[in-house]
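Asks: Let's see this in three dimensions:
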Amino acid sequence: MARQQIAEGQISTLTAEEIKAEASRRRELKHSQMLRLIRSLQSVEDEIAIWQHVAIHNGIAADRLIDRFDERINSLMQSPEIGERQLQFGEHTRRLIVGNYLIFYDVLPNVIHVLRIFHAARSIESLSD
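Replies: As a prediction, this is how the structure comes out:
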């Protein structure tokens, strides 16, 4: 169903898809204006260790993997709740999957806090190990 919009003396018709798209754009803008992204020292050290391990075999692949991590982490600014909730680690903790790796992060008021990056084959009992 279409809705009419009156703006500056003009009448236009918006479709349901256009209304949803505009609402989504406004939500993303609100999040990007309000959220900060911080990374724990441990998550930075995890990323360095992963790069070093992969680079032994293929430096270009290691660089690409880190770029993928960074791209997905930065995408959290627009969609912080995209990751699957991980209540066993805390009420605000979520997980992103990037290839064979898991990125754990907390969504807090005004802050996205990247906690750890692990290989998916690793047994994870705690995010502080």
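
Asks: Can you list the low-confidence ranges for the chain?
Replies: 1-14, 25-33, 126-129 (pLDDT under 70).

Asks: Domain parsing of the chain, as residue ranges.
Replies: In terms of domains, the chain is parsed into 1-34, 36-129 (source: automatic domain parsing).

Asks: Please identify the deepest-packed of these.
Replies: With neighbours taken as mean count of other C-beta atoms under 10 Å, those reach their highest mean count in domain 36-129, at a mean of 15. In short, each C-beta sits where N, CA and C put it, glycine included.

Asks: Start from the N-terminal end of the chain and give the helices.
Replies: 16-34, 41-55, 59-75 (DSSP state H).

Asks: Just the angle for the shortest one relative to helix 59-75, thanks.
Replies: Interaxial angle, helix 41-55 versus helix 59-75 (axes from the mean of the first three to the mean of the last three C-alpha atoms, to 10 degrees): 150 degrees.

Asks: Quick check: which helices or strands does helix 41-55 pack against?
Replies: helix 59-75, strand 111-119 (3 or more C-beta pairs under 8 Å, 6 or more residues apart in numbering; DSSP states H and E).

Asks: Pull the contacting residues for the closest residue to Arg85 other than its chain neighbours.
Replies: Counting by C-beta to C-beta, 6 or more residues apart in numbering, Arg85 lies nearest to Arg94, which is 5.7 Å off, once chain neighbours are set aside. Neighbour list for Arg94: 81-86, 104-107 [criterion: C-beta atoms under 8 Å, 6 or more residues apart in numbering].

Asks: could you redo the last one with a cut-off of 10 Å?
Replies: Residues near Arg94 by C-beta atoms under 10 Å, 6 or more residues apart in numbering: 76, 80-87, 103-107, 112, 115.

Asks: Wait, Arg116 touches Ile73, no?
Replies: No: counting by C-beta atoms under 10 Å, Arg116 does not reach Ile73; the two are 12.0 Å apart.
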